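**Student:** Here is my input, please return the structure:
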Amino acid sequence: MMKLVLFSFAVLCSTLLNLPTNEVAAEAQSPKGTQVVVNNNYLDSNDILNKNNQVFFSLTSLKSLGGLTFAWNNTTKQVTVKGSDTNLKLTMNKKVAHKNRTLVSLSTGPFIHNGKTMIPLRFVAEALDGSVTWNQKTQTAFVSKPSTKLLTDVKSSELSTARNAAINLPRVSKLTEYFEPSMEAASLQYYFPKNTKDRFIEVNNNVIRYYQITKNTAYLKWQAFISEKAATQDNLYFINRSFTKENGSLPNFKDRTFANFRWMPHITSTGYGLINKENWNDVVFKETEVPHTDLKENYIIVDTPEDNN
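**Tutor:** Residues are numbered from 1 along each chain as shown. This is a model prediction of the structure:
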């Protein structure tokens, strides 16, 4: 196992993250029309339609929920969606659907639009044991259905397993805006308060976000843009840049010790260590290569023995 000296956030910003000097370019983007996010995957606008105050999306967009098969009967104009224990059958332009041979009423029937089969988002998602959260401010529908593996792992007594599940759970935002990084980062950083697995901070390029886990969903509670201007943060002491814009509410972390993970995809390794207000800029981090099997699951958080002391 090698050791890695984690440079200060200032060096990371200048050498890895390549923040733009024009801070105007890093402003929050206002959404254009209805957006749908299925298990953290944003759907293409061509797969979304808002009709009669109801959101529809294309049949194939359900693939992000996982474990589903689809069938189209051109003679009866029926579409069938099968899950692990649910069988849905919908007929074009009919307000009645079948769920496991039980008739269910729809406010609006499915239909063909621009060559795509459009189905009612809320009914299909919830009928397949998912959940739908609507953010009126951003006009975004979040469809969530964690996999069986995530549901099991998030309850694990092993911190690294539970933390990996936490960063991969479906994410939902009820905030009034959503901040997008100005470009893809060369590395991602995660901060978990010591001995915890139900909350984390993520730094992606010039955006920092704070999530809390509730009912198997990661809720975005706070976010901010990070500028290039040097500054001292009293609460998030490990950030030595000013925030140009904040949205949401952030707990008091100024006296907390964090398990810090820096994921470096270009070398498939994670640097890790414990930081506090006194040592965060000088701590020597350890580095470990992430196994290929874990990469498939995006399980990039590694064991930190010191975290259990």
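**Student:** where exactly do the strands run in the stretch 51-200 of the chain?
**Tutor:** Applying DSSP state E, counting those that start in this stretch to the stretch 51-200 of the chain gives strands spanning 54-58, 69-73, 78-82, 87-91, 96-99, 102-105, 111-113, 116-120, 131-135, 140-144, 171-173, 188-193, 199-204.
**Student:** Okay, now the sheet partners of the first one, with direction.
**Tutor:** Strand pairing for strand 54-58, determined by DSSP bridges: strand 48-51 (antiparallel), strand 116-120 (antiparallel).
**Student:** In it, which residues are buried?
**Tutor:** For strand 54-58, the neighbour count (16 or more other C-beta atoms under 10 Å) marks 55-58 as buried. Where you see a C-beta, it was placed from the backbone N, CA and C, and this is true even at glycine.
**Student:** By residue count, what's the longest helix in the chain?
**Tutor:** Secondary structure assigned by DSSP state H gives helix 159-168 as the longest helix of the chain.
**Student:** counting contacts, what elements does that one pack onto?
**Tutor:** Applying 3 or more C-beta pairs under 8 Å, 6 or more residues apart in numbering; DSSP states H and E, one finds that helix 159-168 makes contact with helix 148-153, strand 188-193, strand 199-204.
**Student:** could you give the mean pLDDT of that helix?
**Tutor:** Helix 159-168 carries an average pLDDT of 97.
**Student:** Give me the contacts around that helix.
**Tutor:** With contacts defined as C-beta atoms under 8 Å, 6 or more residues apart in numbering, helix 159-168 is touched by 149-150, 153-156, 190, 192, 195, 197-198, 200, 202, 211, 213, 218, 259, 294, 297-304, 307-308.
**Student:** Of the helices and strands packed on helix 159-168, which is nearest T244?
**Tutor:** T244 lies closest to strand 199-204 among the helices and strands packed on helix 159-168, at 14.8 Å (C-beta to C-beta).
**Student:** If you count neighbours, what's buried in the next helix or strand after the closest one?
**Tutor:** Next helix or strand after strand 199-204 toward the C-terminus (DSSP states H and E): strand 207-214. Residues of strand 207-214 classed as buried by neighbour count (16+ other C-beta under 10 Å): 207-211, 213.
**Student:** Stretch 183-203 too?
**Tutor:** Of all the residues in stretch 183-203, those buried under the rule 16+ other C-beta under 10 Å are 185, 187-194, 196-197, 199-203.
**Student:** One more: stretch 100-114?
**Tutor:** Judged by neighbour count using 16+ other C-beta under 10 Å, the buried positions of stretch 100-114 are 106, 108-111.
**Student:** Make JSON lines out of those and add pLDDT and distance to K229.
**Tutor:** JSON lines is the format used below for these (pLDDT from 0 to 100; distance: C-beta to C-beta, whole Å):
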{"residue": "L106", "pLDDT": "86", "distance to K229": "53"}
{"residue": "T108", "pLDDT": "86", "distance to K229": "50"}
{"residue": "G109", "pLDDT": "88", "distance to K229": "55"}
{"residue": "P110", "pLDDT": "91", "distance to K229": "52"}
{"residue": "F111", "pLDDT": "92", "distance to K229": "52"}
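**Student:** What is the burial count for D129?
**Tutor:** 12 (other C-beta atoms under 10 Å).
**Student:** residues contacting it?
**Tutor:** Neighbouring residues of D129 by C-beta under 8 Å, 6+ apart: 83, 86, 145.
**Student:** What does the pLDDT read for the last one?
**Tutor:** Among the per-residue scores, K145 holds a pLDDT of 91.
**Student:** Scan the contacts of D129 and report the most crowded one.
**Tutor:** Taking other C-beta under 10 Å as the neighbour criterion, K145 ranks highest of the contacts of D129 with 23 neighbours.
**Student:** Can you name the residues bridging to W134?
**Tutor:** Going by DSSP bridges, W134 forms beta bridges with A141.
**Student:** Help me confirm that it comes into contact with L121.
**Tutor:** No: here W134 does not reach L121: they are 9.7 Å apart, not a contact under C-beta atoms under 8 Å.
**Student:** Need the residues touching each of these two.
**Tutor:** Taking C-beta under 8 Å, 6+ apart as the contact rule, the neighbours common to W134 and L121 are A141.
**Student:** Look at those two and report which has more neighbours.
**Tutor:** L121 (26 against 14).
**Student:** ok, now which ones touch I226?
**Tutor:** Here I226 is in contact with 13, 19, 203, 206-208, 239, 241-244 (criterion: C-beta under 8 Å, 6+ apart).
**Student:** That one bridge partners, please.
**Tutor:** When assigned by DSSP bridges, I226 has beta-bridge partners F243.
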